[in-house]
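Trainee: only geometry, no sequence info:
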């Protein structure tokens, strides 16, 4: 059984384990104040051309999302998000538990537009009693989206402009950031992200780390006392070093983007094979997640050999599945899949 | 500079790194549902003679405390804790952020008594309007305490009885559990803890793991939907395997207690050396943390060679410091310290 | 200017003011434990044939909604509501502030169906990881709805059955309860409501009281410690008497329903007049709120004489407005409106 | 039985009921935006010489405290309070439910000092990791205190200075404000309070109103979006008029202070009578609450005629009780008490 259902089936990239082992017996300060965290933070600030940014390391995505939004929102403020946003569909109401509504906007290919944001804000502020509804203050987007799709540079700068015009913060969930940056056709750079977002994070868990997300706060107004908010949410690891070491390893020599490119390339092979087999897709994704529509009969056969994520049952005995590659996927697995798919669909 | 200031200065025990490397490329389910988590949970249930218990793995102590208390308390209920409890002094109000008051009771050597609990409950329930104050529902204790001291078996069973009589849950913070269980003179067993506590956790971060605490819910009434509460607090790691693998390694062949015994033994050497040098202690600790009162002149000299944690400035030019050993402390470091102390205090 | 924009433009029914004056200098216990609160509670229990119910008095609707939901939900649970529910559109995210998501279901005439509830629960529980989404636990409905429409007895019992089958509580917002009970064509009784709902409230603010809602908890499982939750939310008035006295006055001799019938009857006169003038309605309401679609030119003229609530601008130069009567509306005001409308639309 | 146990046993001052009746059928906007609320707010701003202040009306004290503190604190910040503060002892953990710790300082006669505040802040900021504890941001005091005692003008200005030096807000709970302002020996004015406090409130419930507290936000930095926070906590009454009308009535022609002076004078008669009878006091209060130590035998006899609040059982068969007068206490009741006490203690 080959697991193509997600991008966190394996442990960490071997270089990370090596570096953890090498540094293991060094005595270092705790709570993210060690030299590796500092070096990783510096490296990130250089990558992003954002010398004034603050960088923090947090264990996982849900914790990062709730911590950042706790920092950005006053109690009555809400966050605008595509209805398919991770905070809306996979986090057990963590944002509501933090006290805030998610104002969902209908997505197109996992994305929302500057126009939608402006319209939502207009709706809020034109009400006779705006104080009877949560006040929009943050826009949450993902890059790549939950469906592997990408904002264009123009779309991102348009979102920034809409945020400026409506006094909103822009927060990017980058749980799979590398896959987006490394994608064929992507025109967004580290620098664009830092320039457009008040806060974003660089996902490690889904791109080669054991665990960890690197939060970048580019807007100085939201930097104050962020560590209080982290600590209060249990988001400061005692041995912060293990996050710093991992990000340092991933971001040196562009390893992070190389691993992403590897995964993306294999995903495109899968995409091509599916297209050749006459299958359709829910979304047109250039990254490591492919959302394929399969006849149930074919799916049943493939699932004897491969694990996928089921997204939704569809009409006419079809099912939408997510097929995922990762930094860890061996090319031979994909070749095998391509060959199996061909065999099963040629008959 | 030798760091004796805490027990989380190094990475993980080498066997853990080895096991992480060995299993690294296995494809496993996420979110704590892999075979290693299941095996570690089984091992813990066997150790504790608690087959009906539920075991969950969480990254760190603050997150564990707030997650467990979120599960145990209704919105208006509070937790009784020694005023020196970790939840009261080192967690940035995480419990209050979760909506609950900490009702602090004055500690004796870091501990509280069954009588204090009963008295507090009486105070609450005898009021004409008990509903005007938070209702006591959980007792939080640490074993060992923040000062390295231990409850006796009798004290623990007395607490259990007080909890039963007052309809309270007993929750033990075991961030340093092994150091207590392995201590000379300790008469409490794994089984006692599981029998007395509704919930407790086995600390990994401070005893040889990279990160991680193993929560044991022995009372079936509090087990329902615990994973919802974890997920909502960002406390389910995508790669849960790294917690399962670590606990499996630590708990096999009693490694956990052996590492603790190593640290405790070195701590007692430090204690003896300090006593021989005529120094006094804040508390009488049989575990890996020693709370020593030092003349500032001596401290200044020692701190050119060693790092300690400052606890409090005291009168007459003295300072209370915490000296900590760990699973990772080399005996040679302690020998060096003993010799340096002797040299500096003989003059 | 005659205000027909809402049903809380005046103070209280004169009998209430009289009773407040009569009892003013009596010395009574505070916090809802006076004889008037007890009498009012008894009267409500009799009305509802619910001797085992608990009754509490709270100042306003938002506070009631958030207090009841705080009592009914564990931290990770959510409430199902029509998307037009008051908790979703007029309460500044009070429910999210309490930590819970509102799972909105698309309304039909302000209502949701048993089928929608069952489908939502199925969606939740059939997921591979239900714990990654908020768990449905309460169904929130309004009677009458925000649009003045009514559930039928059959619909209400169907909702109850769906709740039973899915282990949900049913909570009815009765901010305008009387207008529904007194409506022509309504087939639901006090007893039906108490039999079907685990919790509901009888609205005073919008039906003749200065302020106040009477919460009825019919399900004994949710009664425990409710006063703690009230007090913690600031929902126990020191002079609880003023709520007890008002409800006692309103519910004696059926005053509450008589006032509602008065308002409903006037609303139907408005409805008929609008129909005669060829106007359309957003919803078909038999209660005191009428949602009328007006050409903007007509609206402009009418608004020189009357205040309405604007609901939404519509295409083709029309606007949807809410026209409201209340216990306090003089028949002459409605006659005047009917005549003015006729005059303005006949030309 | 004459109730001297609290100051909210009766309804409202007759002028209030009269004014409510007079204005009852006026059609007014809801939610605190009517002319009476506006007039009352203006009057308060004039009284306080604080033209830039914002004034809001809220139903009760607990709700006011939690709403104001929700507005003033970021999630990780805490409020300093005397351990006897109302928020700490009578509000079921409402502040913790709002997410914030109460950092209690030991009181002297119900008060805290500027030195205590400065010392607490020093403790916080001198820690190596201040972010591991809640950050002090607000000082909460009561005037008069829970024990009827008063800050002097010098003490109040000292508190202000300490707050300025430590970047804290000063928030005064004035649930019984009038009794303090009208007390013999008091040297604090409306203007002093507005000049020293960032926020405070004028209590109506305990001084002649049916319900209601008037919140005054003098610091422009905390005024923004306060109505959102009120609404989200259910603290905006639909018929806000009933709060505006009451405060307008109370504050016109100094009625508020006259009623307080009446109560204070009667309280001093009780105090004198107790002193003459050889009784001692817990605190030396110049206001309407007297804390008297009574032999249990005497208490038993008096309680056949009078209701008091029990504060605490004391050693040697004594009990501390609170005796309260109010705007509504008839002088004849106090004369009766004085005479009964004399009779019972002369034998």
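Mentor: All right, it came through fine. Small disclaimer: the values here were computed from a predicted structure and weren't measured.

Trainee: tell me the mean pLDDT over stretch A:7-16?
Mentor: Across stretch A:7-16, pLDDT averages out at 97.

Trainee: Name the residues that touch it?
Mentor: The contact list for stretch A:7-16, computed with C-beta atoms under 8 Å, 6 or more residues apart in numbering or on different chains, reads A:3, A:17, A:176, A:205-210, A:245-246, A:249-250, A:255, A:259, A:263, A:288-289, A:324-328, B:20, B:23-30, B:238-239, B:241-242. For the C-beta atoms, the positions are set from N, CA and C on the backbone; glycine is no exception.

Trainee: Need the buried ones from those selected in ChimeraX.
Mentor: With 16 or more other C-beta atoms under 10 Å in any protein chain shown as the criterion, this ChimeraX line picks the buried residues out of the contacts of stretch A:7-16:
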select /A:3,17,176,205,206,207,208,209,210,245,246,249,250,255,259,263,288,289,324,325,326,327,328 /B:20,23,24,27,28,29,30,238,239,241,242
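
Trainee: So which of the contacts of stretch A:7-16 sit within helices?
Mentor: Assignment to helices by DSSP state H places the following of the contacts of stretch A:7-16 there: A:17, A:245-246, A:249-250, A:255, A:259, A:263, B:20, B:241-242.

Trainee: Name the nearest of those relative to chain C.
Mentor: residue B:241 (16.4 Å; C-beta to the nearest C-beta).

Trainee: Could you chop chain A up by domain?
Mentor: Using automatic domain parsing, the domains assigned to chain A come out as A:2-6+A:256-346, A:14-254.

Trainee: Phi, psi for residue A:82 please.
Mentor: The phi and psi values for residue A:82, taken as degrees, to the nearest 10, are phi -60, psi 150.

Trainee: what pairs with it across the strands?
Mentor: Applying DSSP bridges to residue A:82 gives these bridge partners: residue A:105.

Trainee: isn't it right up against residue A:112?
Mentor: Yes - between residue A:82 and residue A:112 there is a contact at 4.7 Å, judged by C-beta atoms under 8 Å.

Trainee: Residue numbers of the stretch 201-347 of chain A in contact with chain D?
Mentor: A:225, A:227-232 (C-beta under 8 Å from any C-beta of the partner chain).

Trainee: which one of the residues you listed sits closest to chain C?
Mentor: residue A:232 (15.4 Å).

Trainee: quick one, what contacts that closest one?
Mentor: B:62, B:91-94, B:97, D:75-76.

Trainee: Report the two of the residues you listed separated the most.
Mentor: Pairwise distances among those were taken by C-beta to C-beta; the largest, 14.5 Å, belongs to B:62 and D:75.

Trainee: So what are the sheet partners of the helix or strand hosting residue A:141 and their directions?
Mentor: Assigned by DSSP states H and E, residue A:141 belongs to strand A:135-142. Partners of strand A:135-142 in the sheet, by DSSP bridges, are strand A:77-82 (parallel), strand A:169-173 (parallel).

Trainee: So which bits of that strand are buried?
Mentor: Quick answer for strand A:135-142 (16+ other C-beta under 10 Å): A:135-142.

Trainee: Residues of the stretch 1-150 of chain A that sit close to chain C?
Mentor: Proximity of the stretch 1-150 of chain A to chain C, by C-beta under 8 Å from any C-beta, involves residues A:75-76, A:78, A:89-93, A:96-97, A:99-101, A:128, A:131-134.

Trainee: try 6 Å
Mentor: A:76, A:90, A:92-93, A:96-97, A:99-101, A:132, A:134 (C-beta under 6 Å from any C-beta of the partner chain).

Trainee: For ChimeraX, what selects the buried ones among the residues you listed?
Mentor: Buried members of the residues of the stretch 1-150 of chain A next to chain C, defined by 16+ other C-beta under 10 Å, are picked up in ChimeraX with:
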select /A:76,92,93,96,97,99,100,101,132,134
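
Trainee: and the residues of the stretch 1-150 of chain A next to chain C near chain B, which?
Mentor: Applying C-beta under 6 Å from any C-beta to the residues of the stretch 1-150 of chain A next to chain C, those adjacent to chain B are A:92-93, A:97.

Trainee: Out of the residues you listed, which comes closest to chain D?
Mentor: Closest to chain D, out of all of these and judged by C-beta to the nearest C-beta, is residue A:97, at 11.2 Å.

Trainee: if I pick the closest residue to chain B within the stretch 1-150 of chain A, what's in contact with it?
Mentor: Nearest to chain B, among the residues of the stretch 1-150 of chain A, is residue A:63, at 2.8 Å (C-beta to the nearest C-beta). By C-beta atoms under 6 Å, 6 or more residues apart in numbering or on different chains, the contact list for residue A:63 reads A:235, B:234.

Trainee: again, only using 10 Å
Mentor: Residues counted as contacts of residue A:63 (C-beta atoms under 10 Å, 6 or more residues apart in numbering or on different chains) are A:91, A:94, A:213, A:230, A:233-235, B:59, B:63, B:233-237.

Trainee: Which residue comes closest to the residue positioned nearest the centre of chain A once chain neighbours are left out?
Mentor: The residue lying closest to the centre of chain A (C-alpha atoms, centre = their mean) is residue A:175, at 2.5 Å. In space, and not counting its chain neighbours, residue A:175 is closest to residue A:203: 3.8 Å by C-beta to C-beta, 6 or more residues apart in numbering or on different chains.

Trainee: ok, now residue A:327?
Mentor: Spatially, and ignoring its direct neighbours in sequence, residue A:327 is nearest to residue A:259 (3.5 Å; C-beta to C-beta, 6+ apart).

Trainee: I'd like the distance between the one you found and residue A:14.
Mentor: Applying C-beta to C-beta, to the nearest Å, the value for residue A:259 to residue A:14 is 11 Å.

Trainee: overlap in contacts of these two?
Mentor: What both residue A:259 and residue A:14 touch, as defined by C-beta under 10 Å, 6+ apart, is the set A:208, A:328.

Trainee: Compute the distance between the residue of the stretch 1-150 of chain A found nearest chain D and residue A:256, please.
Mentor: Residue nearest to chain D within the stretch 1-150 of chain A (C-beta to the nearest C-beta): residue A:76, separated by 3.8 Å. Using C-beta to C-beta, we find residue A:76 at a distance of 38 Å from residue A:256.

Trainee: Same question for residue A:218.
Mentor: 19 Å.

Trainee: Right, I'll call it a day here.
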